[in-house]
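1. What follows is a protein structure lacking sequence information:
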């Protein structure tokens, strides 16, 4: 037994009861204010519990976010976001060093927001939520649960928020004006955060300053890096809008399944003639985010189904 929290309490921590055995790496996750730093300070003996007890069987070294990476041998190593300040080369070398320390019996408590690092190093994940131990166990299972919790929190925050119309560039002859762009979730409410897979709606309001015989309104989704992810327009979807008179206003809605990977995206919206002459082109008009309860890589969430079949030697012949 290297570190044991026996119903320990020290604000914001409440009744923490868990044991980190010798030679184990424990990943600590949780939102800001959940008590991650306090937990390490208790383990280091810097802070004392107001109730319960903390037992540590060896000298503990605490590394804070701005501390140098001192990875010399120690019975107990407590790391509070220290790796986040370093480049990838240093982090890769540190991961190797930490694994070597663990194999030599060092108990490590590692606070980090980097899921890849935690999956690589942690034997167990402890999830702190509102000062309590919300869960502990297998890294994949706990990180998935934590990711789902964060995704739900972000989605709830995004509901009823309208993305501000702030195009990176605006151009056109002014015969029509895109006056508003809304991103709407499957519940019918405005949101700046969609869940991957939910029914999403982009609604553009276009006011015509002059008569336009056959306007086309289109949208384009781009990734944070500027990659064109998906685009369409009323002409491609065989929806005829014109002729439109001066003073007329139209609301055009594009509905689709948001099969995107979690990340940040932008919407470009435009009104133009069929030959491509722009009335109003809003480059990266609004920003939105996509969240999900599980990690997926890339841009398109293709939701693969995996099957496995055993292959015998005779099958291979």
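-> Here it is on my side, so go on. Nothing here was measured: the structure is a model prediction, and the numbers come from that model.
2. C-alpha only now, for contacts and for neighbours.
-> Will do.
3. Show me how far stretch 240-251 is from its chain's centre.
-> Distance, stretch centre to chain centre, for stretch 240-251: 39 Å (CA atoms, centre = their mean, to the nearest Å).
4. actually stretch 254-264, sorry about that
-> The chain centroid and the centroid of stretch 254-264 are separated by 14 Å under CA atoms, centre = their mean.
5. That stretch: end-to-end distance?
-> 19 Å (CA to CA, to the nearest Å).
6. and that stretch, which residues are buried?
-> Residues of stretch 254-264 classed as buried by neighbour count (16 or more other CA atoms under 10 Å): 254, 258-264.
7. Let me see the contact set for the nearest residue to residue 167 once chain neighbours are set aside.
-> In space, residue 167 comes closest to residue 285 once its chain neighbours are excluded; the distance is 3.8 Å by CA to CA, 6 or more residues apart in numbering. The neighbourhood of residue 285, defined by CA atoms under 8 Å, 6 or more residues apart in numbering, consists of 165-168, 181, 266-269.
8. Farthest pair within those?
-> Pairwise distances across those peak at 14.4 Å for 168 and 181 (criterion: CA to CA).
9. re earlier: format the buried residues of stretch 254-264 as CSV; extra columns: secondary structure, distance to residue 30 and pLDDT.
-> As requested, those are exported to CSV (DSSP: H, G, I helix; E, B strand; the rest coil; distance: CA to CA, whole Å; pLDDT from 0 to 100):
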residue, secondary structure, distance to residue 30, pLDDT
254, strand, 37, 97
258, coil, 28, 95
259, coil, 27, 95
260, strand, 25, 95
261, coil, 22, 93
262, coil, 19, 90
263, strand, 20, 90
264, strand, 22, 92
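10. Pick the one among those residues closest to residue 187.
-> Taking CA to CA as the measure, residue 187 lies nearest residue 258 of the buried residues of stretch 254-264, at 13.7 Å.
11. SS state for residue 256?
-> Secondary structure for residue 256, judged by DSSP: H, G, I helix; E, B strand; the rest coil, is strand.
12. do residue 28 as well
-> With three-state DSSP as the basis, residue 28 sits in strand.
13. repeat for residue 293
-> Here residue 293 is recorded as coil under three-state DSSP.
14. And the strands in the stretch 101-250 of the chain, which stretches?
-> Ranges of strands in the stretch 101-250 of the chain, per DSSP state E, counting those that start in this stretch, are 107-111, 124-129, 132-137, 169-171, 176-184, 193-195, 199-208, 216-223, 228-233, 249-257.
15. re earlier: who's more crowded, residue 168 and residue 181?
-> The residue with more neighbours, out of residue 168 and residue 181 and counting by other CA atoms under 10 Å, is residue 181; that gives 23 against 11.
16. hey, what's that one bridged with?
-> Here residue 181 sits in beta bridges with residue 204, going by DSSP bridges.
17. thinking it is in contact with residue 217, fair?
-> No - applying CA atoms under 8 Å, one finds residue 181 not in contact with residue 217, separated by 12.0 Å.
18. Give me the common contacts of the two.
-> None of the residues lies in contact with both residue 181 and residue 217 under the rule CA under 8 Å, 6+ apart.
19. how close does the closest residue to residue 190 other than its chain neighbours sit to residue 288?
-> With sequence-adjacent residues excluded and distances taken as CA to CA, 6+ apart, residue 190 is closest to residue 184, at 4.3 Å. Here the criterion is CA to CA. By it, residue 184 lies 11 Å from residue 288.
20. rewinding a little: now, which of the buried residues of stretch 254-264 sits nearest residue 277?
-> Residue 277 lies nearest to residue 254 out of the buried residues of stretch 254-264, by CA to CA, at 21.5 Å.
21. Tell me where the model's unsure across the stretch 1-150 of the chain.
-> For the stretch 1-150 of the chain, the stretches flagged by pLDDT under 70 are 1.
22. in it, which spans are helices?
-> Along the stretch 1-150 of the chain, counting by DSSP state H, counting those that start in this stretch, helices occupy 36-44, 88-103, 115-121, 139-158.
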